[in-house]
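K.L.:
Just the structure for this:
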Amino acid sequence: MAGEIHHGSPAAAIFPYVVPNTPVRSPDYDNNVQGTLTMGVVDEYVGAIIGYAERTIREIERVTGVQISISKGELKAGTSEREVVISGTREAVDVAEVMIVQRVSDAANSRRR
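P.N.:
Residues are numbered from 1 along each chain as shown. Okay, here's the model as predicted:
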């Protein structure tokens, strides 16, 4: 059964403006259920997720088994964010989310120096 994954995001604590706050997981949370997570990533950091010749995004997909799609140049209304959609098992989506947030966080930290 596919559906939106609602959970307290581990990534939100690391990089709160990337992932919106969502409800905490219920006790019957099943890691093997297929679903999607949609998150916003500031446009200037999307390259950190994609990587040179799409190597980074493909590596995240290969390691986790998820599918990732990023809106092409279209910003979410009223923001400077592009939509990133991660699809796969809940467990895989959670891991991919953390990997993406880490890449964005690293890129943001390197720009501050």
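
K.L.:
any idea of the mean pLDDT in stretch 94-111?
P.N.:
On average, the pLDDT along stretch 94-111 is 93.

K.L.:
so how far is that stretch off the chain centroid?
P.N.:
For stretch 94-111, the separation from the chain centroid amounts to 9 Å (computed by C-alpha atoms, centre = their mean, to the nearest Å).

K.L.:
Look at residue 92 and say how many residues are nearby.
P.N.:
21 (other C-beta atoms under 10 Å). For the C-beta atoms, the positions are set from N, CA and C on the backbone; glycine is no exception.

K.L.:
same deal with residue 59?
P.N.:
Around residue 59 there are 12 residues (other C-beta under 10 Å).

K.L.:
Quick check, pLDDT for it.
P.N.:
Confidence score, pLDDT, at residue 59: 97.

K.L.:
Please give the element, helix or strand, for it.
P.N.:
Here residue 59 sits within helix 55-64, counting by DSSP states H and E.

K.L.:
after that helix comes which helix or strand?
P.N.:
Going down the chain from helix 55-64, the next helix or strand is strand 67-75, by DSSP H and E.

K.L.:
What is the neighbour count of the residue nearest to residue 104 when sequence neighbours are not counted?
P.N.:
Ranked by C-beta to C-beta, 6 or more residues apart in numbering and with sequence neighbours excluded, the top spatial neighbour of residue 104 is residue 45, at 4.6 Å. Using other C-beta under 10 Å, residue 45 has 20 neighbouring residues.
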